[in-house]
Every structure is written in structure tokens, then in C-alpha cells.
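1. coords below, sequence missing:
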Ligand code: FES
Ligand SMILES: [Fe+2]
């Protein structure tokens with residue numbers, strides 16, 4: 001009912017309605033995470049949620065800003081406000097905040113040269129826009145870089161932004177599925193999946209500066225590439241590059257042409273059981289067909305979504321003894337092992 005009076009400086013950053021373990025929350029809060037597409041933030045503030053923390057995202061002439069969705073005056077939601085004179089206006093008493101989160105106006109004080117209390121400012125977060133995606137970090141010093149995506153970072157290529165979607169599953173379950181190759185003939189029969197009895201070749205997972213990577217040769221049934229090569233099936237090489245914790249790019253290269261498709265997936269852990277998906281793509285044509293690729297992407301996601309949302313336990317088991325692994329799971333085994341070993345995820349909080 002009441003917040004205690006003697007600890008206001010030490011109020012835990014962990015939100016009261018936190019669905020993560022406290023340890024996992026603190027570890028994940030140190031990474032950059034996507035919270036919106038740039039094109040979604042125009043002339044109105046927008047709400048988002050990251051690791052159970054409510055955020056407001058707004059745009060001023062200084063660029064995009066992200067802050068906790070709490071007015072420092074009486075705690076109302078700023079995302080219900082509006083933008084006026086390049087300021088975010090709180091809807092409850094009209095106090096205005098600039099792009100850096102500082103208060104610029106208190107309308108109920110009708111005096112010149114009023115001294116604005118320095119503490120009357122938003123809890124603003126670090127923000128970066130890359131590839132048309134807004135990334136933010138809940139901690140002061142991010143522990144890991146924003147992903148660097150070949151092809152997509154190349155300014156000469158047109159980058160497509162697909163419709164966002166929310167999956168009722170853990171971000172880690174989504175990422176593991178995105179990097180799972182053995183489900184293609186079973187789950188993606190209608191899109192690019194190959195033949196059920198084709199074995200998954202042995203592949204090697206490499207540790208990189210940013211995460212994990214592997215290459216996999218694959219025979220796709222069908223021909224989905226706009227490179228003029230005829231045929232009812234295509235031999236491709238998939239190159240996966242995962243940036244911890246939840247971002248992956250796949251480079252898809254048919255072996256009989258110079259064409260490469262770059263498809264990137266980065267997801268926001270809204271809560272422990274809710275994940276917002278951001279996907280972008282381009283290709284070596286530099287001008288990929290938005291209708292064709294959007295239709296294909298939505299179909300592929302639709303094929304995956306129900307499986308991932310049905311997985312139990314909902315939390316990804318990081319103890320490798322918890323689920324049974326097959327040789328095709330090399331990537332998921334390395335992903336689980338790395339999250340636990342490198343970052344201490346999935347471990348109880350010490351002290
Ligand atoms: S609660 Fe925001 S201005 Fe009063
Ligand atoms: Fe899939």
C-alpha cells in the first residue's frame with residue numbers, strides 16, 4: 001500500500017511485477033534490446049515493455065528518447081500524453097519534458113524564472129537506432145554490443161521491416177527455434193523445408209566476439225530466390241550469426257548463384273513469457289520485393305509460432321541434463337551452455 005520512507009534511494013530497479021528470476025533480470029538488463037521500429041515513433045509517445053518495465057518512447061528534434069513510463073511528479077503514465085513544442089507533455093498536470101528527460105515547464109506555476117527542481121526529470125535510458133530499430137538498455141553501462149549485421153548495415157541495400165508480432169513464449173525459446181535446423185522439413189513443409197529423411201549434416205558451432213556462428217549446407221524443396229536460376233529445389237548454405245542474447249542474422253546463399261538473402265531477427269523480452277519480434281531483411285539485389293518477402297516471412301513465422309508457444313517448460317532449461325539433445329542440436333546446446341556459463345543466466349542470485 002505505502003512505499004517505505006527510508007529507502008527511496010535504494011528502491012530496487014527490479015519491477016514489482018517481475019516475471020524473471022531476480023538474477024536473470026539483472027543480467028538481461030545489461031544488454032541492449034529492441035523496443036520499437038523507428039518508423040513507429042512519429043509525433044506521439046508510444047508505450048513499450050522490456051523485462052517487465054513499462055517504457056515510453058518519444059521523438060523530438062534531438063531524436064528518439066526512451067524513459068520509464070512514469071511521470072516523476074505523481075507517477076502517471078507519460079505514454080498517455082502527447083508531444084507539443086518539441087516536449088513530451090504529461091497528461092495529468094501538463095508538466096513538460098525535453099528529449100533528454102529534463103523538465104522544461106510546470107504550467108501550474110505562473111511565475112517567471114521559476115526554479116525547476118533538478119529531480120523533476122524522467123528516468124531516461126540509453127538509446128540507439130540501428131537498421132530502423134530502436135534499441136535501449138535498462139542499465140547505465142551495456143555489457144554487450146548491438147548486433148552488427150552484414151548486408152543490412154550496408155547503406156546501399158533497401159532494408160525491409162516486417163510487421164511485428166508478439167509470441168507468448170520466452171525470448172530464449174524463440175531464439176533457439178530460430179537457430180534450430182532440424183525442424184525445417186517438419187514445420188516448414190509449405191515454405192522452404194527440405195526432405196524429411198535428409199540427415200542434418202554435422203556442423204561446427206564457433207564462438208565469436210559477439211556470440212555464436214555456424215554454417216550449414218541444406219537442400220530446400222522449392223525455389224524462392226529471385227536470381228533467375230530455374231529448378232524445383234535449391235542447394236543453399238545457411239550462415240547463422242547469433243549475437244547474445246537474442247539477435248540472429250541468417251545469410252542464405254544458393255550455391256549456384258551469387259545471390260544472398262540477409263534475414264535478421266531480434267526480439268524484446270517483454271516479460272519472461274512474452275516476446276516481441278522484430279525482423280528485417282535485405283538481399284544482394286539491393287532492392288528486395290516487399291510483398292513477396294513479407295508474405296513468405298509471415299507464413300514462416302506462422303508455421304513456427306504455435307510450436308514455440310506450446311513448449312514446456314516455458315523457461316528454457318539451461319541445465320543440459322534437463323532435456324534430451326540430438327546431434328542436430330549442437331547450436332542449441334552451445335546457446336544454453338553459453339547463456340549459463342558466460343553470463344550466469346539461470347542461476348540463483350548469490351547473496
Ligand atoms: S503526474 Fe505528471 S504532471 Fe503530474
Ligand atoms: Fe522455423
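-> Ah, there it is. Quick caveat, the model's predicted, so the values are computed rather than measured. Ligands and ions are numbered 1, 2, ... in the order given.

2. Find the nearest non-adjacent residue to the residue of the stretch 101-250 of the chain found nearest ligand 1, please.
-> Among the residues of the stretch 101-250 of the chain, residue 106 lies closest to ligand 1, at 8.0 Å counting by C-beta to the nearest ligand atom. Just so you know, the C-beta spots here come from the backbone N, C-alpha and C atoms, and that holds for glycine as well. Excluding the flanking residues, the one nearest residue 106 by C-beta to C-beta, 6 or more residues apart in numbering is residue 95, at 5.5 Å.

3. quick one on the thing from earlier: dump the residue contacts of the residue of the stretch 101-250 of the chain closest to ligand 1.
-> Counting by C-beta atoms under 8 Å, 6 or more residues apart in numbering, residue 106 makes contact with 93, 95, 114, 116, 120.

4. Same list, those, but only the ones touching ligand 1.
-> 93, 95 (C-beta under 6 Å from any ligand atom).

5. Switch the contacts of residue 106 over to CSV; also include pLDDT and neighbour count.
-> Putting the contacts of residue 106 into CSV (pLDDT from 0 to 100; neighbours: other C-beta atoms under 10 Å) gives the following:
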residue, pLDDT, neighbour count
93, 98, 13
95, 98, 24
114, 82, 10
116, 92, 14
120, 97, 15
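
6. ok, residue 333 touching residue 318?
-> No. The criterion here is C-beta atoms under 8 Å, and residue 333 misses it with residue 318 at 10.7 Å.

7. if we can go back for a sec, show the backbone phi and psi for the residue nearest to residue 106.
-> phi -70, psi 140 (degrees, to the nearest 10).

8. Quick check: the gap between it and residue 104.
-> 9 Å (C-beta to C-beta, to the nearest Å).

9. secondary structure element for the residue in the stretch 251-351 of the chain that ligand 1 sits nearest to?
-> Per C-beta to the nearest ligand atom, residue 270 is where the stretch 251-351 of the chain lies closest to ligand 1, at 24.5 Å. Element membership of residue 270 [criterion: DSSP states H and E] is strand 261-271.

10. Quick check: neighbours of the helix or strand that that strand is followed by in the sheet, parallel or antiparallel?
-> Next along the chain after strand 261-271, taking DSSP H and E as the criterion, comes strand 274-283. According to DSSP bridges, strand 274-283 has the following sheet partners: strand 160-161 (antiparallel), strand 165-167 (antiparallel), strand 261-271 (antiparallel).

11. Need the residues that contact the following helix or strand past strand 274-283.
-> Note on strand 274-283: by DSSP H and E, the next helix or strand toward the C-terminus is helix 290-310. Applying C-beta under 8 Å, 6+ apart, the external contacts of helix 290-310 come out as 160, 162-163, 165, 167-169, 173-174, 177, 183, 187-188, 190-192, 224, 226, 263, 277, 279, 281.
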